[in-house]
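>>> sequence first, predicted model second:
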Amino acid sequence: MRRPIIIANWKMNGSREKNTSFLEHFLTAVNAETCDIVICPPLPYLSQIQQSIEITAINLGSQNVCQYPEGAYTGETSATMLADLGCQYCLIGHSERRLIFNESDKSIADKFLLLKKNNITPVLCVGETLQQRENNETEQVVLSQIDSVIHSVGINNFIDSVIAYEPVWSIGTGLTATPEQAQSVHLAIRNHLKTHNSQTASGTRIVYGGSVKPENAADLFSQPDIDGGLIGGASLKAESFAEICNVLS
Ligand code: PEP
């Protein structure tokens, strides 16, 4: 049985005051017993959030990590530092990082390995653009994004990671993949993982991201191969995010 997981990606939003108010409301509204919940705030707020969730069941995640272990990389944050701050999860390969910051498959694989070495669970984001979907390239794109990491780090390192399927055309656009569209890609991912290792295939949590809201979460999360969600916009409001998490309770 895979334990569901719901991850909040706050992107570049928040302030100390807003974060405090969010947590006050969220912690009273959420039932964190039946799924893993992760909050990924912007880097400067990791310590603030860590201190507020320390005695709760909520986990801390980062939105990014440097692909190098340490040294002269101005402005970057290493996996060791994230572990030191109490991060248990870290997003890598988010489409905003691939497209706006030109992240390559190679740098994503390097980040993946550094996270594993520091006992941080990588959440590998993959997904196709609208054009790729219209060209019927969805599976090919998504599976090759996953394979580039597996080939670089090895299947044994892939165990216990999380995959987030996030169609680029649905992120922040209000356009959600239908439960059937999402399930079909999740199943293709799981079947593909089987060709590498059947235990990894059945144990890997594959979450859906892309305009998930309280109104569509239940239908998406009830699909057999959707093990939770990666939530952007709707994770900024404590009540909405709690409602999405509570769908699984
Ligand atoms: C995201 O950025 O990972 C995301 C899923 O955003 P949204 O929920 O706003 O589409």
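Great, that's in hand.

>>> quick check: buried residues in stretch 229-238?
Of the residues in stretch 229-238, Gly229, Leu230, Ile231, Gly232, Gly233, Ala234, Ser235, Leu236, Ala238 count as buried by neighbour count, 16 or more other C-beta atoms under 10 Å. Quick note: C-beta positions are derived from backbone N, CA and C, even for glycine.

>>> against the ligand, how distant is the first one?
Put plainly, it is Gly229. 8 Å (C-beta to the nearest ligand atom, to the nearest Å).

>>> and that residue, that's in a strand?
Yes - assessed with DSSP: H, G, I helix; E, B strand; the rest coil, Gly229 lies in a strand.

>>> now the element after the longest helix along the chain, going C-ward?
The helix that spans the most residues within the chain, counting by DSSP state H, is helix 179-196. Using DSSP states H and E, the helix or strand that directly follows helix 179-196 along the chain is helix 198-203.

>>> what's the mean pLDDT across that next one?
Mean pLDDT, helix 198-203: 93.

>>> quick one: which of the buried residues of stretch 229-238 is nearest to the ligand?
The ligand lies nearest to Gly232 out of the buried residues of stretch 229-238, by C-beta to the nearest ligand atom, at 2.1 Å.

>>> thought Ile7 was touching that closest one, still the case?
No - taking contacts as C-beta atoms under 8 Å, Gly232 lies outside contact range of Ile7: 9.8 Å.

>>> now the angle from the helix or strand where His151 lies to helix 179-196?
Taking DSSP H and E as the definition, one finds His151 inside helix 138-153. For helix 138-153 against helix 179-196, the angle by axes from the mean of the first three to the mean of the last three C-alpha atoms, to 10 degrees is 40 degrees.

>>> got the buried residues for helix 138-153?
Here helix 138-153 shows Thr138, Glu139, Val141, Val142, Leu143, Gln145, Ile146, Ser148, Val149, Ile150, Val153 as buried, counting by 16+ other C-beta under 10 Å.

>>> which among those residues gets closest to Pro179?
Of all those, Thr138 has the smallest distance to Pro179: 15.7 Å, by C-beta to C-beta.

>>> which residue packs closest to the closest one, ignoring adjacent ones?
Nearest non-adjacent residue to Thr138, counting by C-beta to C-beta, 6 or more residues apart in numbering: Glu128, 4.5 Å away.

>>> swap in Ser152?
Nearest non-adjacent residue to Ser152, counting by C-beta to C-beta, 6+ apart: Ala109, 3.6 Å away.

>>> for the one you found, phi and psi?
Dihedral angles of Ala109 (phi, psi; degrees, to the nearest 10) stand at phi -60, psi -40.

>>> hang on, the earlier thing: need the buried residues of stretch 229-238 in CSV (columns: pLDDT).
Listed next are the buried residues of stretch 229-238 as CSV, based on pLDDT from 0 to 100:
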residue, pLDDT
Gly229, 98
Leu230, 98
Ile231, 98
Gly232, 98
Gly233, 97
Ala234, 98
Ser235, 98
Leu236, 98
Ala238, 98
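
>>> get me the contact residues on the chain for the ligand.
Listed as neighbours of the ligand in the chain under the rule C-beta under 6 Å from any ligand atom: 9, 166, 171-172, 209-212, 230-234.

>>> which of the residues you listed sit farthest apart?
The widest separation within these (C-beta to C-beta) is 13.8 Å, between Glu166 and Ala234.

>>> thinking again about what came up before, next SSE downstream of the helix holding His151?
Immediately after helix 138-153, counting by DSSP H and E, sits helix 155-158.

>>> most centrally placed residue in this structure?
The chain has Val123 as the residue nearest its centroid, 4.5 Å off, counting by C-alpha atoms, centre = their mean.

>>> can I assume that residue sits in a strand?
Yes - under three-state DSSP, Val123 falls within a strand.

>>> cool, thanks, signing off.
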